[in-house]
Every structure is written in C-alpha cells, then in structure tokens.
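Colleague: next one to model:
(one chain, ligands or ions: 2)
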Amino acid sequence: MDPEVGNGCVQEDEELGWGKSLPVPSVQEIVRNDSLCVPERYIQERQNRPDYHSEVSYASSEIPVINMSLLANGDKDELRKFDIACKEWGFFQITNHGIAETVIHNMKDAIAAFFQLPFDEKKKYTMPANDVQGYGQGYVVSEQQKLDWSDVLFLVTLPPSVRNLKLWPVALPGFKESIDQYSTEIRKVTEEIFAKLSLLMGMDTDGLKMLHGEMKQATRMNYYPTCSRPELVLGVSPHSDASTITLLLQDDKITGLQIKHKDSWIPVKPIPDAIVVNIGDVAEVLSNGLYKSVEHRAVTNDKKARMSVATFVIPSEEVEIGPLESMVDDKQFPRMYRNMKYVDYLRHTLERKMDGKAHTEYLKLPLDTEFYPASLKLPVMDFSLASGDEDEQRKLDGACKESGFFQGCSSTILGRIQRVAEEVLAKLSLLMGMDKDGLKMLHREMKQAVRMNYYPTCSRPDLVHGVSPHSDACTITFLLLDDEITALQIKHKDK
Ligand SMILES: O=C(O)CCC(=O)C(=O)O
Ligand SMILES: [Fe+2]
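Modeller: Ligands and ions are numbered 1, 2, ... in the order given. As a prediction, the model looks like this:
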C-alpha cells in the first residue's frame, strides 16, 4: 500500500473512508420556512457571484452535441467531433444514447419523490459524521466557508456489492429499481465512451475499462430550491469532478449548469432526454492534460426548484492514476502529473472545499525548466538607464504586459530599493497615462514590507509547495533570489 503522508511522517491507514463533511442546514427547509430568507453563509463574495442579470456577459456559444448512435457505429466525422469536444470543451451533450425515455423519467421521478418526502423522513438518511454518502452536503470543511444553495443525496450505486443500503430510501416505491435500471444503462453508455476515448488515447478499445479495475459509479442527486436572491448565491460552487467522466441528467426546462470556457461562464441549455457528459480529473491526468476536466458551477433562480443527477464514473480505489505512456512524449508532451493511488486523490479532494481547478493543480508536477525555459527568458531591465532610455522603456512596457515579471540588474538595486521603486513607478505612471509622479502621489505615504523566506530541503519535493500559488497584494514586489537554485515559477500562458 502507498504511504499516507501526514504531519511529516509516513503512516498506513486502512480504516479511512473517502472523507467527511460538516453538517449544514437543509436549504429546502430554510426556503420552506421563509421563502425570502437568504442567510449570510450562503451569500457569495462579490467576485464569485453569478452575473445573473446580465445575460450578455455569458458567451452565446453552446457546448457540442454528440450523436452516440453514430459514434458507436464508427462514424469518422462523429469521432472527430467527439475528439474536439473532449479537447476543446471537456463538456458535451449526447443524444441517441439508447437509454429508454422511461428509464430517464423514472430516475427523475425517484429523485423528485425523495426530495418531496417530509424533512423528518429525509433526515433518516443523513450523512454519518465519518462519511460523504447520504443526505446532506459534501465538501464542507469549515464553519467559515460559504455554502451552496442546494441539498444533496450522494450514494455509491455500482457495483451493487459496495452499496450502503442503510443510506438508501429503499422504502420509497420505485427508488431502488429506478437507480438499478438507470445505473446499468449509464454503464453501457460509459463503456461506449470509454472505448472511443481509449482509441483516441492510443490504447485498444478496452484499454480504459481494464485500467479502471472494478469500475465504480457514485451518484450525486442535487436539489436546488428557489432562491429569492439568485444573484447572490451559487447552487454549486465552481469545481471540476474527481471522476473519469461524469454523466449528468438535468431538468429539461431550467438552465442552471454553467461551464468555464475561454474565461467565460457558458450556460448549458438542456436538450430534453439528452445527457450531459464531462471529462473528469482522472481522464485529464490519464491523457496528460490533452483532455481537460473543465470547471463548472450551477446557478439558481427565483421561480422553480431544479434537480439534477450527476453520475461519477470512477476507477477502483487501488488503481494508480497517472499519465498514460501513450500520452507522454519527452520532447513534445512531458509528463505533467504525478502518479497517485485513486483513493488518495479522492480523499484529498473530499478534505477540501470545491475550489475551481485547485484539486487537479495538486497532481501537477513542478515544471521542468528544460521544457519550459520561460523563466530563463524573463526580460532583464537595467535600472541605471532608468533616466530615459527608450529601449528600456519599451522593454518595461512589454514585460509588464506580457508576463508581469522582469529581472533587474545594476548595482543601484542593493540597498536602494525605495529609489528603484520610485523609478519603476515613475515609468509605469507614464505608461498608464499619468504624470511621472502619478503612482507615487496615489500611494501617499508609500510603505514597504519585507518577507524573508527560508525553504529547508525536503525529501519529497514532489509532494509539497515552497509557497502555494498566489499573487502579491502590493503594487510591485522586488524579489532577491538565491543565485544558484531555481525554484520560483510563474504562471505564463497556462504553464
Ligand atoms: O446541477 C448541475 O447542473 C451540476 C451538478 C454538478 O456539477 C455535480 O453534482 O458535480
Ligand atoms: Fe460537477
């Protein structure tokens, strides 16, 4: 068994489940008691709120639609469309998937029936303190964290041997049968999608299936009550799914899902009885980043509650996930992710709140400067020429716009940071269309704070960060680095 790393020591732990989540109130009950109430804990920070009233802010493009029957029958055009959908979108809808309408409708009815049960009935299936399965909410790890405007029933559904039926509302007529039928059908569609993905990733058709060991399905049934202030809350916070792929059944009429595409939030307009499929973190890692597990979220509305059923297809817990040999090429596609046992990755995600793409970032290997020599190419500014050399001025302008980073030389730097800062701010002021002393005046009494960092050696540098990714909360930063050790990395064009 792989080591668990915690508190600086290596331990074995067989007893851990997938994780746990703090108990939170039922949003459905909050709304039932007072339909206008939106407690503070649900009000998102301003920058995270959905841009609810401004439809124009959403790009108008729509995610690709794949005809599964064409794809399964070997249609070359559909396979090309599928490849592009996985590479450029990470999200698509499938039609002609072969799942009977009744199976889909029964599944939707079963979820609706569960959430219509009286609260006291639903409470019987509450998530235990040490589990993420059951009725409640996942990914809640602190009392301070903002909460999502939704209630969830999360169940591991396949294989049947791993079900925890104590948390299933089996007494609800048709509930178990509906899940049985739906998950069996979803498994068939998954195998079809896996076969095509396997080919595209340079494996035999059964490559992905074999690699998953005993493939599992976990199903998250989401209930989003109406919200009197939908512009302040999120139904589900931005996240990527810790699955290989996710198949989502959504309400036929209410648009709630949005995906991040080229820095815009794009709504996924429902197609009746179609299923939304997305690439999850495991497929991103296996494909060495060729297929992206795209960030998505759900918004709410003030008119009608929405339900959705997300089925996560995941490998067996013991499976080691990492880039496939066929997806790595030392020259063009260096290995981007480290290997990890799947259950360890799952636990890592479930110990944290949903947070955009933060979970897959954790699997990324430090960049190899041989492949990404960008750091060696940071522009070098000579501050002794700051008095007005035009080439230096152009270089500064380019450096600030292109990468936000540059290196400075000249002996004027040491011991004279304040003077150099004033020099740089003067040039920046001019570039920003102000007088030379514009930025200086704007700062009034300019302050400096110094942070001295000491990075001890680490026996597992592949598991830790010296400093986590961040930007600096200042106007500019001057950084004095070790002359011999390369360790600072900047994010430039997504690398
Ligand atoms: O409700 C939706 O449309 C999205 C749900 C989702 O992303 C999830 O459960 O992981
Ligand atoms: Fe999701």
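
Colleague: drop to CA atoms for contacts and neighbour counts, all remaining ones
Modeller: Will do.

Colleague: list the helices and strands the helix or strand in which Ser183 is found packs on?
Modeller: With secondary structure defined by DSSP states H and E, Ser183 is part of helix 175-200. Helices and strands touching helix 175-200, by 3 or more CA pairs under 8 Å, 6 or more residues apart in numbering; DSSP states H and E, are helix 101-116, strand 151-158, helix 207-211.

Colleague: need the winner for burial among those.
Modeller: For those, the largest average neighbour count (mean count of other CA atoms under 10 Å) is found in strand 151-158, namely a mean of 24.

Colleague: quick one, it and helix 101-116 angle?
Modeller: Between strand 151-158 and helix 101-116, the angle comes out at 130 degrees (axes from the mean of the first three to the mean of the last three CA atoms, to 10 degrees).

Colleague: not counting sequence-adjacent ones, nearest residue to Phe312?
Modeller: Thr246 (4.6 Å; CA to CA, 6 or more residues apart in numbering).

Colleague: in three-state terms, label that neighbour for me.
Modeller: Judged by DSSP: H, G, I helix; E, B strand; the rest coil, the three-state class of Thr246 is strand.

Colleague: check what pLDDT it gets.
Modeller: The predicted structure scores Thr246 at 98 on the pLDDT scale.

Colleague: mind starting the numbering at 25 from now?
Modeller: With 25 as the first residue, the last one maps to Thr270.

Colleague: quick check: it vs Leu177, distance?
Modeller: 16 Å (CA to CA, to the nearest Å).

Colleague: flag every residue of the chain that's near ligand 1.
Modeller: When proximity is defined as CA under 6 Å from any ligand atom, the chain approaches ligand 1 at 244, 265, 280-281, 321-322, 332, 334.

Colleague: highest neighbour count among those residues?
Modeller: Across those, the neighbour count under other CA atoms under 10 Å reaches its highest value at Asp265, namely 25 neighbours.

Colleague: residues in contact with that residue?
Modeller: Going by CA atoms under 8 Å, 6 or more residues apart in numbering, Asp265 touches 303-305, 317, 336.

Colleague: now, which of these sits nearest ligand 1?
Modeller: Phe336 (8.1 Å; CA to the nearest ligand atom).

Colleague: burial count for Glu112?
Modeller: Using other CA under 10 Å, Glu112 has 17 neighbouring residues.

Colleague: does it sit in a helix, a strand or a coil?
Modeller: Under three-state DSSP, the three-state class of Glu112 is helix.

Colleague: and it, how far from Asp507?
Modeller: Distance from Glu112 to Asp507, counting by CA to CA: 40 Å.

Colleague: possible to save the helices and strands packed on helix 199-224 as JSON lines with distance to Glu53 and mean pLDDT?
Modeller: Converted to JSON lines, the helices and strands packed on helix 199-224 look like this (distance: least, CA to CA, whole Å; pLDDT from 0 to 100):
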{"stretch": "helix 125-140", "distance to Glu53": "11", "mean pLDDT": "98"}
{"stretch": "strand 175-182", "distance to Glu53": "10", "mean pLDDT": "98"}
{"stretch": "helix 231-235", "distance to Glu53": "41", "mean pLDDT": "97"}
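
Colleague: with respect to Leu103, which of the ones you listed lies nearest?
Modeller: Leu103 sits nearest to helix 231-235 of all the helices and strands packed on helix 199-224, at 16.9 Å, using CA to CA.

Colleague: neighbours around Asn120, how many?
Modeller: For Asn120, using other CA under 10 Å, the count is 15.

Colleague: next, it: phi, psi?
Modeller: Here is the backbone geometry of Asn120 (degrees, to the nearest 10): phi 50, psi 40.

Colleague: local confidence estimate at it?
Modeller: Spelled out, the predicted local distance difference test score at Asn120 is 98.

Colleague: ok, it touching Met92?
Modeller: Yes - proximity of Asn120 to Met92 meets the contact threshold set by CA atoms under 8 Å, at 5.5 Å.

Colleague: starting at the chain centroid, how far to stretch 293-304?
Modeller: In terms of CA atoms, centre = their mean, to the nearest Å, the centre of stretch 293-304 is found 18 Å from the chain centre.

Colleague: check which residues of it are buried.
Modeller: Neighbour counts over stretch 293-304 (16 or more other CA atoms under 10 Å) mark 293-295, 297-304 as buried.

Colleague: and stretch 87-106, by the same measure?
Modeller: By neighbour count with 16+ other CA under 10 Å, stretch 87-106 contains the buried residues 87-96, 102-103, 105-106.

Colleague: list the buried residues of stretch 238-245.
Modeller: In stretch 238-245, counting by 16+ other CA under 10 Å, buried: 239-245.

Colleague: show me where the chain has helices.
Modeller: 51-57, 92-96, 100-108, 125-140, 143-146, 199-224, 231-235, 305-310, 366-374, 382-385, 414-426, 441-455, 462-466 (DSSP state H).

Colleague: what packs against the fourth one?
Modeller: Contacts defined by 3+ CA pairs under 8 Å, 6+ apart place helix 125-140 against helix 199-224, strand 330-338.

Colleague: check what pLDDT the residue in the stretch 125-274 of the chain that ligand 1 sits nearest to gets.
Modeller: When CA to the nearest ligand atom is the measure, the stretch 125-274 of the chain has its nearest residue to ligand 1 at Arg244, with 5.5 Å between them. pLDDT for Arg244: 98.

Colleague: swap in Lys148?
Modeller: pLDDT for Lys148: 97.
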